[in-house]
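Undergrad: Can you look at this prediction? I've put the sequence above it.
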Amino acid sequence: MNILRATQLYAPTLRESPAEAELVSHKLMYRAGLIRKAAGGLYSYLPLGWRTMKKIMQIIREEMDSAGGQEILMPIVQPAEIWQTSGRWAVYGPEMMRLKDRHGREFALGPTHEEMITTLIRDEVRSYKQLPLMLYQIQNKYRDEIRPRFGLMRSREFVMKDLYSFDKDVDGMNVSYQKMYDAYTKIFTRCGLKFRPVEADNGAIGGGHSHEFTVLAPSGESSIAYCESCDYAASDEKAELKVITADVEELKPLEKVSTPDCHTIELVKNFLNVPIEKTIKAVAFMDDDERLILAFVRGDHEVNEIKVLNVVEGANHLYMAEEKLINAANSCAGFMSPIGLNDKAIIIVDATVMEMYNAVAGANEVDAHFINVTPRRDFDAKKIIVADIRMVQAGDPCPKCGKPLHMTRGIEVGQVFTLGKKYSQALNATFLDEDGSTKTFEMGCYGIGVGRTMAAAIEQNNDADGIIWNKNIAPFEVVVVPVNAKDSAQLEFAEKIYDELKNSGVDVLLDDRKERAGVKFKDCDLIGYPIRVTISPKTLQSGNVEVKVRRSGEFMTFAREDVVKNILELLKTL
RNA sequence: CGGGGUAUGGCGCAGUUUGGCAGCGCAUCUGCUUUGGGAGCAGAGGGUCGCAGGUUCAAAUCCUGUUGCCCCGACCA
């Protein structure tokens, strides 16, 4: 039997990591010899890293196949025409890597494959009888990121699984979507990740669903709110919030008071000695057309700019408002409120603000505030837009079950998305339905970042000594270590154990390097094999074998004849 | 694209202020000793100091230009 020996494995481990590596996962991937960088955002996968990548890909393949997917492979180099037809040649902008061939024809390195697959299907599939269809590939993708960083987390070339579903109607599309949602749940569970499917905004596409599969990790780039009592989770920008009602109070008359230099909520609250929940905060924005947009939230809340954008018709971007705009609306910075503004301001009031009684708000003049403001009485309902515009905070009630929400950061490793007819329409991809009519495909797309999944797994599972792999994606499940490989008795014994494990289907490596025990142990911990089997003079003599579990650090002693059986049992728990 | 930094052996860094033999630790190779948590001793190899110009008797060091990389920001179906 061919033995996989560490002496023949290219696994260059380092004591130190390159200065540029910031994230734990990036450092460990470098130190453990999983990857090396070729240029900014471009990486080579070394044998250990590629083994893990292949295991993740295999899990993906199995789940895609059992959900009805079929694997294909499409070109990386894509003709410009299909992108021009869909309109994305211009839209995608500098993020798309472009090139010309010797004849001057334009091409792109695919950042995604909607155009490619839609064109493929358009030219082949004619009948509803051929539907539904789910095709996927695991392929390199290219995005010329403005700032590649964090190793494999945000790189310019990356391995991605992308599946595209084609259905004859929306119902079918939703079935495909659910199949993928379920498959993704299985995939990330098998990878041993703590994750949440997070509700995502469908934006302009509309109508369908979208979830981002987010691995929970403090270093993640996206911030999410989630509920521990139910399965609700959403990105901070998308989390919907219910109105918070306040206890009913007797209404006092509106009154203007002097508040010298109190231009922040903190100063007003202290000066007037009121709880922050009884204050109304104003944030002034303007859009591309220099329209003034004033957003009002409770003093202890923050404005969610995305929600504001969605409320204001025709606005694409928000900027900090220029002071002259605020003055033109008959107000002044630091003392704004909806009371007494002219028509130059678009006034958005958070729904929770409307529930307040006898609160404090600006008086639209320097050094003055109103007290006893009750928005329902004092705000001009015709002039204001009431909406949910606040940013979720830890402790806010879950929109599904009402329990307090938690906040965490996460790494987006996959997303599922219904596309509807967006691309099939643009590229004129149609089929003949049962009734003989021509119809446009209902599509969905579903992506998983393979490298990012690997990085996220490390980000979530490591300690001071190195990586702690889940057995399903570890480069090897078990490493057999003779502490002194120069001792032929130890080596031979280790080889026997190796053979037995191998014959039982265990993915195993023999560390036959003639290094000192300490060096080998450190490397084992760094690389993170889930189980280490140690052969030493001591164990040889007693006829037992020592086993160390990487995650728990636990040492066990197994009788020689039970080694394989016990390791198989142990693996099931890791 | 704006701001800030940086570039010296495979990795981590010093040397640049004030020009004068290119260094240190780790790693690598050889030998001896050691052998259950990154060993000790002795020796060795490896760098056009990012690149291109310029100043100078002399440039890693000063000047000009350029490129890569890193950080912050803007951007991100």
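TA: Received, thanks.

Undergrad: how many other residues sit next to whichever residue of the stretch 201-350 of chain A sits closest to RNA strand B?
TA: Among the residues of the stretch 201-350 of chain A, A:H317 lies nearest to RNA strand B; the distance is 6.2 Å by C-beta to the nearest atom of the strand. Where C-beta positions appear, they are placed from N, C-alpha and C, glycine not excepted. Counted with other C-beta atoms under 10 Å, residues neighbouring A:H317 total 10.

Undergrad: show me the contacts for it.
TA: By C-beta atoms under 8 Å, 6 or more residues apart in numbering, the contact list for A:H317 reads A:287-288, A:309.

Undergrad: how about 6 Å then?
TA: A:D288 (C-beta atoms under 6 Å, 6 or more residues apart in numbering).

Undergrad: Figure out the helix or strand that it lives in.
TA: Using DSSP states H and E, A:H317 sits within no helix or strand.

Undergrad: and if you look at A:I326?
TA: Taking DSSP H and E as the definition, A:I326 sits inside helix A:323-328.

Undergrad: After that helix, which helix or strand is next?
TA: Following helix A:323-328 in sequence, per DSSP H and E, is strand A:345-350.

Undergrad: Walk me through which strands that following strand pairs with, and which way each runs.
TA: Neighbouring strands of strand A:345-350 in its sheet, by DSSP bridges, are strand A:292-298 (parallel), strand A:384-387 (parallel).

Undergrad: do you know which of these lies nearest A:T539?
TA: strand A:292-298 (65.9 Å; C-beta to C-beta).

Undergrad: quick one: contacts of that closest one?
TA: Contact partners of strand A:292-298, identified using C-beta under 6 Å, 6+ apart, comprise A:280-286, A:303, A:308, A:312, A:321, A:325, A:329, A:344-350, A:352-353, A:389-390.

Undergrad: now stretch A:349-356, how far from the chain's geometric center?
TA: Relative to the chain's own centre, stretch A:349-356 is displaced by 32 Å; criterion: C-alpha atoms, centre = their mean, to the nearest Å.

Undergrad: Mean confidence (pLDDT) on that stretch, please.
TA: Confidence for stretch A:349-356, expressed as mean pLDDT, is 93.

Undergrad: With stretch A:256-266 instead?
TA: Mean per-residue pLDDT for stretch A:256-266: 87.

Undergrad: quick one: that stretch to chain centroid distance?
TA: 42 Å.

Undergrad: what does stretch A:177-191 give?
TA: 15 Å.

Undergrad: likewise stretch A:35-48?
TA: 22 Å.

Undergrad: Span of it from start to end?
TA: Its first and final residues considered, stretch A:35-48 spans 8 Å by C-alpha to C-alpha, to the nearest Å.

Undergrad: do the same with stretch A:505-515
TA: Stretch A:505-515 has an end-to-end distance of 28 Å (C-alpha to C-alpha).

Undergrad: who touches it?
TA: A:3-7, A:476-481, A:485-486, A:498, A:501-502, A:520.

Undergrad: 8 Å instead?
TA: With C-beta under 8 Å, 6+ apart as the test, stretch A:505-515 has contacts from A:3-7, A:9, A:474-482, A:485-486, A:491, A:494-495, A:498, A:501-502, A:519-520, A:523-524, A:529, A:564, A:567-568, A:571.

Undergrad: State the number of residues packed around the residue nearest to A:I384 when sequence neighbours are not counted.
TA: With C-beta to C-beta, 6 or more residues apart in numbering as the criterion, A:I384 has its nearest non-adjacent residue at 4.5 Å, and that residue is A:I347. A count of neighbours around A:I347, defined by other C-beta under 10 Å, yields 22.

Undergrad: can you map out the helices along the stretch 1-150 of chain A?
TA: A:24-31, A:47-66, A:80-86, A:88-91, A:114-122 (DSSP state H, counting those that start in this stretch).

Undergrad: max-length strand in chain A?
TA: strand A:406-420 (DSSP state E).

Undergrad: mean confidence score for it?
TA: The model assigns strand A:406-420 a mean pLDDT of 90.

Undergrad: Then stretch A:96-106?
TA: Stretch A:96-106 comes out at a mean pLDDT of 88.

Undergrad: got the contact list for the closest residue to A:D101 other than its chain neighbours?
TA: In this structure, A:D101 finds its nearest non-sequential neighbour in A:F107, 6.5 Å apart by C-beta to C-beta, 6+ apart. Contacts here follow C-beta under 8 Å, 6+ apart; on that basis A:F107 touches A:77-80, A:98-101.
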